[in-house]
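Engineer: take this sequence and fold it.
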Amino acid sequence: MNDAIEPTTLAAQAETEFMAGNFAGAVLLADRARAAGDDAALVTRAHALLLSGDYGGAAQSAFTAQHLDPTLSAAPYLLAAAAGRLQLADASGAPITQEGLLAEARRLHPEAYARHAHLYGPTDRPFDAYGHVDGVALERALRQGRFRAEDYYQAIAAVARRDADWAALLKRAGATALTPFTLTPAEIETMGRQGPWLVYWTMQVNTDLVIEAILGAARRYYAGWLVQRAPAAAVPYPQVLLAIASQSYLNEFIGEETGTETALADRLAERLANGDRLDDAELLVLGSYRDLGGIAGADRIDRAALGPTALQFLAMTIDDAADRQRIAKDIATVTRLPAGASQEVRAFYEATPYPRWHQFARPPTADRSFDEIIAADAAYLLPGSQPVGEPTEVLVAGCGTGSAIVPVLSYRGARITAFDLSLTSLAYARQRLTALGHDEIRYVHGDLLAIADMGARFDLVECTGVLHHLDDPWPGVAALAGVLKTGGRAMLSVYSRPFRQMMAPFMEASRKMVAQTPGTVTAKVRAARRDLIRQRLAGAQSGFLFKGSDLFTTSGFRDLLLHPVERPMTVTEFAQGCARHGLKCLGLMPTNADQARLLAERGRPADMAAEIAFWSQAEAQQPLLFSTMICLLFEKVG
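Structural biologist: Now for the predicted structure:
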């Protein structure tokens, strides 16, 4: 997003996101518009907060908007609607009621009353938060890509549920468990009406098992249609088939397939390898089951005869992979490369780079330095002995596919070095971030344990989810401390041992299933995942595993449950071990909402030893509190 954009444009974008049901995005853009001097954006902010359930924030924004500009007709009505969910009082302590505010609003702006009448109703029921969202506007916002597709998820689901046929299909799929089924032509037509879902599935990994069953049944329909089609028959609803093929590619073909489907995919792959020409439908069906880039002959596909849908899919798959191969050749190796366990880890991520992503969670804006962000947003941390300063030399150690780099882009004055053991992951990171306008990052390939070979020192080191994959994490900590300047900061994250112990039975079951299943990595993962789903359906306490996207992609499943090297630790072990390498703990950085809530309640710690003891006890009593890792901020003191 262009930071120099005019405030009226920002306000219009905020309203567009609100109308598309992306309330968080609307608030973000409204805040930026307000900072640029557009007070009218407060109305959009108030409306978005109201429908997302933040009634206090909505009331405050609406009140401020009304005070700054009495001509804003929506402001008093939004204030009244928020007041219906709160207990407000004036300066004298007298209650402020919705009825009184409504009467005042109608006096000031009677013509606006009907436009906001839907906001006044029983206060014991939530608002119809997405009742205003239009499917066409939602689909348009998704395609614009201003925000991540996941930001529109709730709105997409709400709009789709208005279609009775789609609701019936969800019910049917939910009753199938793991039993394969096939859609009817009428159900394919129903899918064809779900424009926002179709766009979403080409952009974002699905994380709903019921929808996964529908996508699998639709894929099965197209496989059967292909076998039985009449000569020159047109593909029914080609955008549905494109969405299925794209989703299969994004989730790395983790979905179930029958023997009949496997046989068809094998025949199509053999024809492609032998130089036969596959038409659009055949390529899209094959791409729903196999990675086209991994099939011999894919580089010889005659594109002149293909239509736009097939060409779009080839660009997403074959062309995208070829681009990464070119990028990888230009990334320098700056250290000695490892042997032993580190080599095993390297091979793991070269085979399935993780995580695979396409969009930012939020558009990063580099308007504050690291020091300013910590001072304003992290009152729960001890202050360091000196500021990090600007410009800030930042090392993202173990940057993977680049998602770990995204938060650093918000630091003003950051000069970023992205370092990883996997060349394939680095190429993925560089491709994605360059395409999104960030071409100033330096990418280097090497072994963390030999990072001193690079000959550079840094003001800030961030290392997420890496140290616990070393055979011994402490030489890794020592290596990072060695390239950190005195007074610099290190933000380090590791797996929590109590949480990983909670996962141990499922990890063991998955490893056993993988060992006894023949075939490809994907086939092994699919078998292990099927077993986990069966356990879940039988009542296993494994619901926490299905939160997030890890169990919905091959690389995510492998990283979560099948990693060859894992050395988790407790909060106390982590803090004390880092202290032995000259890193003083300044506090915990939250990695989920529950941690953030507890940090806000506790405030700035008076004594770090007591703070570490508190979090260690919480970790032991509530292992799920650290399901998203332990993240500590350190200062190098020696």
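Engineer: and the helices in the stretch 501-638 of the chain?
Structural biologist: 521-537, 554-561, 571-579, 593-602, 608-621 (DSSP state H, counting those that start in this stretch).
Engineer: deepest of those, which one?
Structural biologist: helix 554-561 (a mean of 23; mean count of other CB atoms under 10 Å). Where C-beta positions appear, they are placed from N, C-alpha and C, glycine not excepted.
Engineer: name the helices or strands packed onto it?
Structural biologist: If contacts are counted by 3 or more CB pairs under 8 Å, 6 or more residues apart in numbering; DSSP states H and E, helix 554-561 sits against helix 497-516, helix 521-537.
Engineer: ok, and what's touching the first one?
Structural biologist: So the one you mean is helix 497-516. 524-525, 527-529, 531-532, 535, 542, 545, 557, 561-562, 566, 568-570, 573, 619-620, 623-624, 626-627 (CB atoms under 8 Å, 6 or more residues apart in numbering).
Engineer: quick one: buried residues of that helix?
Structural biologist: By neighbour count with 16 or more other CB atoms under 10 Å, helix 497-516 contains the buried residues 497-500, 502-503, 506-507, 509-510, 513-514.
Engineer: got the residue ranges for the helices in the stretch 251-400 of the chain?
Structural biologist: Across the stretch 251-400 of the chain, reading from the start of the chain, the helices by DSSP H, counting those that start in this stretch fall at 259-273, 280-287, 308-314, 320-328, 341-351, 370-377.
Engineer: comparing these by mean pLDDT, which bottoms out?
Structural biologist: The stretch with the lowest average pLDDT out of the helices of the stretch 251-400 of the chain is helix 341-351, scoring a mean of 85.
Engineer: using CSV, list the CA coordinates for that one.
Structural biologist: This file holds the C-alpha atoms of helix 341-351, laid out as CSV (Å, rounded to 0.1, in the frame of the first residue of the first chain):
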residue,chain,number,x,y,z
ALA,A,341,21.5,-33.3,12.2
SER,A,342,21.6,-29.9,10.6
GLN,A,343,22.0,-31.5,7.2
GLU,A,344,18.9,-33.6,7.9
VAL,A,345,17.0,-30.4,8.8
ARG,A,346,18.2,-28.7,5.7
ALA,A,347,17.0,-31.6,3.5
PHE,A,348,13.6,-31.5,5.3
TYR,A,349,13.0,-27.9,4.4
GLU,A,350,14.4,-28.3,0.9
ALA,A,351,11.8,-31.0,0.3
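Engineer: could you give the angle of it to helix 521-537?
Structural biologist: 90 degrees (axes from the mean of the first three to the mean of the last three CA atoms, to 10 degrees).
Engineer: who's in contact with the longest strand along the chain?
Structural biologist: Ranked by residue count, the top strand of the chain under DSSP state E comes out as strand 484-494. By CB under 8 Å, 6+ apart, the residues outside strand 484-494 that reach it are 370, 384-386, 388, 457-465, 467-468, 473, 477, 480-481, 568-569, 574, 578, 583, 586, 589, 591, 629-638.
Engineer: out of the residues you listed, which are buried?
Structural biologist: In terms of neighbour count (16+ other CB under 10 Å), the buried residues within these are 370, 384, 388, 458-465, 467-468, 473, 477, 480-481, 568-569, 574, 578, 583, 586, 589, 591, 629-636.
Engineer: among these, name the ones in strands.
Structural biologist: Where the buried ones among the contacts of strand 484-494 overlap with strands, as defined by DSSP E, the overlap consists of 458-464, 583, 586, 630-636.
Engineer: show me which pair in the residues you listed is furthest apart.
Structural biologist: 459 and 630 (22.9 Å; CB to CB).
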